[in-house]
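Enquirer: The sequence and its predicted three-dimensional model are supplied below.
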Amino acid sequence: MIFQVADIATVLSGSVVGFILALVGGGGSILAVPLLVYGVGVASPHVAIGTSAIAVAISALANMIAHWRMGNVRWPCAIVFSLAGVTGTFAGASVAKQLDGQKLLILFGILMIVIGALTLKKRAGGGDPAIRLTAVTARRLMPMLVGIGFAVGLLAGFFGIGGGFLIVPGLMLATGMPLIYAIGTSLVAVVAFGAATATSYALSGLVDWRLAGLFIAGGMLGGLAGIAAGRLIGARESLLRSAFAGIVILAGGYVCLRGALPLL
């Protein structure tokens with residue numbers, strides 16, 4: 001098999017996303033689409049979204065299994081949130097596919113800037129570790145889980161992202177669970193949202209399967225490097241998160257500019 005420049009760029013792009021996900025802990029998938037469009041040279045933003053959604057889902061699945069083994073997944077909450085979110089995901093993806101690619105990039109860039117700003121905000125780790133979705137708590141928790149799940153899924157499907165940066169605070173708001181359980185539980189929804197978005201785009205022929213495979217392979221390599229780097233860096237996580245937020249904000253501004261230029 002002969003590897004082309006685009007293939008190497010795809011593996012490297014996947015490595016960057018995997019490295020950031022492992023090192024910072026979430027948010028790295030927001031860079032997947034701009035890397036595929038501007039780094040790899042994928043001409044269609046829609047194909048970039050569909051292709052990256054597959055990589056996001058598989059990456060989240062690996063992390064979800066690890067959190068499941070550690071007992072950090074609250075399955076009843078995860079299932080309700082995910083089912084509501086998948087409905088929103090299909091709706092969001094359907095709308096996005098009808099939107100002009102350049103306008104979609106501008107909106108994506110704006111989202112990146114917002115995410116970068118939210119990443120700078122430190123999340124509290126408090127909450128009720130005993131929280132469960134039961135017959136007793138369902139009346140209080142179900143409306144919040146369904147409503148917030150649908151809204152987050154709508155955004156995830158529209159932009160083709162995992163949405164973990166929205167799901168985690170969404171779960172904490174809906175249930176009051178601690179941060180560590182929200183992170184573990186959120187990965188179930190990220191897998192579901194990514195798979196739903198990828199399915200929607202694949203049915204429309206908007207997935208480059210070869211690039212998806214290369215991107216995932218790069219992500220695995222980058223993830224291993226990120227884990228190793230994280231062990232070395234240790235306590236400087238807050239500094240890393242700030243640096244990552246700055247990169248996302250700058251990249252978001254660049255994406256907005258590149259998306260707007262053809263429209264001027």
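Expert: Now that the structure is in, tell me what you want to look at.
Enquirer: so after the helix or strand Val190 falls within, what's the next helix or strand?
Expert: Taking DSSP states H and E as the criterion, Val190 maps to helix 179-203. Toward the C-terminus, helix 179-203 is succeeded by helix 209-233 as the next helix or strand (DSSP H and E).
Enquirer: got a list of contacts for that next one?
Expert: 6-7, 10-23, 32, 36, 40, 42, 51-52, 54-55, 58-59, 62, 237, 240 (C-beta atoms under 8 Å, 6 or more residues apart in numbering). From N, CA and C alone the C-beta is placed, and that goes for glycine too.
Enquirer: Return the helix or strand following that helix as PDB; C-alpha atoms alone will do.
Expert: Counting by DSSP H and E, the element after helix 209-233 in chain order, helix or strand, is helix 237-260. These are the backbone C-alpha positions of helix 237-260, laid out as PDB (Å, rounded to 0.1, in the frame of the first residue of the first chain):
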ATOM      1  CA  GLU A 237      -2.500  19.800  34.400                       C
ATOM      2  CA  SER A 238      -4.000  23.300  35.000                       C
ATOM      3  CA  LEU A 239      -1.300  24.900  33.000                       C
ATOM      4  CA  LEU A 240      -1.800  22.400  30.200                       C
ATOM      5  CA  ARG A 241      -5.600  23.000  30.200                       C
ATOM      6  CA  SER A 242      -5.000  26.800  29.900                       C
ATOM      7  CA  ALA A 243      -2.500  26.200  27.000                       C
ATOM      8  CA  PHE A 244      -5.000  23.900  25.300                       C
ATOM      9  CA  ALA A 245      -7.800  26.500  25.800                       C
ATOM     10  CA  GLY A 246      -5.600  29.200  24.200                       C
ATOM     11  CA  ILE A 247      -4.900  26.900  21.200                       C
ATOM     12  CA  VAL A 248      -8.600  26.100  20.700                       C
ATOM     13  CA  ILE A 249      -9.600  29.900  20.900                       C
ATOM     14  CA  LEU A 250      -6.900  30.800  18.300                       C
ATOM     15  CA  ALA A 251      -7.800  27.900  16.100                       C
ATOM     16  CA  GLY A 252     -11.500  28.900  16.300                       C
ATOM     17  CA  GLY A 253     -10.700  32.500  15.200                       C
ATOM     18  CA  TYR A 254      -8.700  31.100  12.300                       C
ATOM     19  CA  VAL A 255     -11.600  28.800  11.300                       C
ATOM     20  CA  CYS A 256     -14.000  31.700  11.400                       C
ATOM     21  CA  LEU A 257     -11.700  33.800   9.300                       C
ATOM     22  CA  ARG A 258     -11.200  31.000   6.700                       C
ATOM     23  CA  GLY A 259     -14.800  30.300   6.600                       C
ATOM     24  CA  ALA A 260     -15.800  33.900   6.100                       C
END
